[in-house]
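Colleague: kindly return the folded structure for what I paste below:
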Amino acid sequence: MGIRLTGDDVVTVLDRVKAARGCPQTIRVDKGPEFISKSLDWWAYFNKVTLEFSRLAKPTDNAYIESFNGRVRQECLN
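Modeller: Alright, predicted model coming up:
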C-alpha cells in the first residue's frame, strides 16, 4: 500500500520550500491527481509559478521526475 498525496499536501510542502528557498519560476509535473488539483493551481497562480505538464505517453518528458520518485521510494520509503 502506497502513500497517497493530495494537492493540499503538495501545497503545504511548496509553502515550506518557498519559506526556505523562495519560489521557483517553473515546476514540471506529471498529470497525477495531486498535480492537477485546484489547490496547486491556485498556489501557482498566486505565486506566479508556471506549471509545466508532461505530455501523456511521453516518458522522456518526465524522466528526471520518474528517476527522482524511484530514488525517494527506494531510499526514504522502503
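
Colleague: now Glu34: closest residue in space that isn't a chain neighbour?
Modeller: Of all residues not flanking Glu34 in the chain, Leu5 sits nearest, at 4.6 Å (C-beta to C-beta, 6 or more residues apart in numbering). Every residue, glycine included, has its C-beta placed from N, CA and C.

Colleague: which SS state does that neighbour fall under?
Modeller: Of the three states, Leu5 takes coil according to DSSP: H, G, I helix; E, B strand; the rest coil.

Colleague: show me what counts as buried in the helix or strand where Thr12 lies.
Modeller: Element membership for Thr12 (DSSP states H and E) is helix 7-21. Within helix 7-21, the residues that qualify as buried by neighbour count (16 or more other C-beta atoms under 10 Å) are 7, 10-11, 14.

Colleague: pull the most distant pair out of the residues you listed.
Modeller: Using C-beta to C-beta, the buried residues of helix 7-21 reach their maximum pairwise distance at Gly7 and Leu14, which is 10.3 Å.
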